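>>> Return a 3D structure for these sequence lines:
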Amino acid sequence: MIKRVAIIGLGTMGPGMAARLARGGVEVAAYDISADALERARNMMTAANGVLDGLGIAAPAEGAASIRFTEDLADAVKDADLVIENVPEKEEIKASVYKQIDGMVSADTIVASDTSGIPITKLQAHISNPSRMVGMHWSNPPHIIPMIEVIRGEQTAMETVETIRDFIKSLGLLPVLLKKDVPGFVENRVLYALLREVVDLVERDVIEPEDIDTCVSWGIGYKLAVVGPMALLDMAGMDIYHSVSSFLNEDLCDRKDVAPLVRDQISAGKLGIKSGEGVYSYTPESIAELQPERARKLVAIRRILEGRD
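Alright, predicted model coming up:
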């Protein structure tokens, strides 16, 4: 049974993961090499806990769970049943973390990567006990979205997969098991197929960004929140899908590189919210309003999907 979890890296995802795990009665050690990141994570935890209150996910009895922050890696992973690696998406950085913790954790400790798409099989080459390594891909924001992808690498023991699956279920979350370890896993493959098409449509001046956001949010997204894509095939009819895809597939964007629109934005320093400008422009004030407003809407939708409102 998993009772103690160490989270290595507290960037965008770490604080929300820590907050949700603690609500499940887990003892969490939250580690980052940066003191600034630790302080930022503490501040983000307050907002995450407020959202969890809104979802009706009660805090455990006093003393049943805790979150402690540390800049000492050995201290973070000591006695951990599960270590979740959450460092930047570069294989060499992840490999360095695995090398450091290899001699610090027990043979029974499970090491999970929250990578967004690096195949787990590749990452297993950097750890001495690959049978205890698994992919555990949370979706952003992790304290709100209950789905977690579980990815078995070529050397992952089935017992490891089952332990993580059961642990996720015990938290009241939804494990999705992948049958194959493919780059990007499933969520990001589907998402990036959509993003490739919408960027192409904007780049070809078919539609304005505001209008495609409306189209996807209130058309495709609104529907898919209730009816999954495979169920949608049944709803529409396989004959209809066959008829439309027989001519539409040929015209869909299939580029293998990154679109010039994206490269140009990066060259201009327009990275999105983090830089104050991307497709849209942002001020500190608008960012401060945007994040809680989006969280409020996601909470409201989740409560409806769960049949609670």
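
>>> what's next to stretch 203-214, contact-wise?
The contact list for stretch 203-214, computed with C-beta atoms under 8 Å, 6 or more residues apart in numbering, reads Val198, Leu201, Val202, Cys215, Ala259, Pro260, Leu261, Val279, Tyr280. In short, each C-beta sits where N, CA and C put it, glycine included.

>>> I'd say the first one and Val216 touch.
Yes - using C-beta atoms under 8 Å, Val198 is in contact with Val216, at 6.9 Å.

>>> and which of the contacts of stretch 203-214 is nearest Ala95?
Ala259 (30.0 Å; C-beta to C-beta).

>>> Tell me which residues touch the closest residue in space to the closest one that isn't next to it in sequence, please.
Excluding the flanking residues, the one nearest Ala259 by C-beta to C-beta, 6 or more residues apart in numbering is Val199, at 4.8 Å. Listed by C-beta under 8 Å, 6+ apart, the contact partners of Val199 are Ala259, Leu261, Val262.

>>> switch to 10 Å and redo it
Pro209, Ile212, Cys253, Arg255, Val258, Ala259, Pro260, Leu261, Val262, Val279 (C-beta atoms under 10 Å, 6 or more residues apart in numbering).

>>> Any idea how far stretch 200-220 is from the middle of the chain?
24 Å (C-alpha atoms, centre = their mean, to the nearest Å).

>>> how long is that stretch end to end?
Terminal residues of stretch 200-220 are spaced 17 Å apart (C-alpha to C-alpha, to the nearest Å).

>>> Show me which positions of that stretch end up buried.
Residues Asp200, Leu201, Val202, Ile212 are the ones in stretch 200-220 that count as buried (16 or more other C-beta atoms under 10 Å).

>>> in the protein, which spans are strands?
4-8, 27-31, 66-70, 82-85, 110-113, 133-138, 147-151, 174-178 (DSSP state E).

>>> Now do the third one, average pLDDT.
Read that as strand 66-70. Averaged across strand 66-70, pLDDT comes to 93.

>>> Return the set of buried residues in that strand.
Quick answer for strand 66-70 (16+ other C-beta under 10 Å): Ile67, Phe69, Thr70.

>>> What are the contacting residues of it?
Outside strand 66-70, the residues that touch it by C-beta under 10 Å, 6+ apart are 4-7, 10, 15, 18-19, 21-22, 26-32, 35, 37-39, 41-42, 45, 49, 60, 75-78.

>>> That strand vs strand 27-31, what angle?
20 degrees (axes from the mean of the first three to the mean of the last three C-alpha atoms, to 10 degrees).

>>> quick one: strand 66-70 to chain centroid distance?
With C-alpha atoms, centre = their mean as the basis, strand 66-70 stands 21 Å off its chain's centre.

>>> partner strands of it, parallel or antiparallel?
Here strand 66-70 is paired, per DSSP bridges, with strand 27-31 (parallel).

>>> my read: Met45 touches Arg23, true?
No - taking contacts as C-beta atoms under 10 Å, Met45 lies outside contact range of Arg23: 11.3 Å.
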